[in-house]
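J.: Just need the structure, nothing else, for what follows:
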Amino acid sequence: AQGAGQSMESCILPKPIFILSDCTGESAARTVRAALNQFELCFNQKAPATIMVFRFIESEQKAHNIIQTAAKENALVVYTLVNPKTVAAVQTACKVYHVRYVDLWSTLLDQMEEHLQAVRSLVPMSSLNRRV
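T.: As a prediction, this is how the structure comes out:
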């Protein structure tokens, strides 16, 4: 069965999705996998994409290089980054190379700052010395 308005020509696999994170990337990967469930009918399979997770991205140059690769592979870029400079570098590179991208954190963190009347730390969870 296909989704309404979907033709089989639009269901060509695999579609690459690059996940960039300044920590492990698990939050973003879980979110992407959950969203992919919405496309199971179209693709008639569980994971209609190839997910590549790039962890501990803290340099603007490293992010830029990943975006260049994403452009070559026609990948969607999804990221959870807290450093505004790294976020800006990813957004700029995506625009330069015409790569689709989704920022999972910025809008959420902006709204949380307003709601909590507090300022976020801008420190990746990987940099915090916390005991779990």
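J.: what bridges to the most centrally placed residue in the chain?
T.: For the chain, the residue nearest the mean C-alpha position is residue 78 (1.4 Å; Cα atoms, centre = their mean). Going by DSSP bridges, residue 78 is paired in beta bridges with residue 19, residue 102.
J.: Quick check: it vs residue 121, distance?
T.: 22 Å (Cβ to Cβ, to the nearest Å). C-beta: built from backbone N, CA, C; applies to glycine.
J.: And for residue 51?
T.: According to Cβ to Cβ, residue 51 stands 28 Å off from residue 121.
J.: ditto for residue 15
T.: Note on residue 15: its distance to residue 121, by Cβ to Cβ, is 34 Å.
J.: So between those two, which is more surrounded?
T.: residue 15 (17 against 10; other Cβ atoms under 10 Å).
J.: hey, what's the more buried one bridged with?
T.: Here residue 15, judged by DSSP bridges, has bridge partners residue 49.
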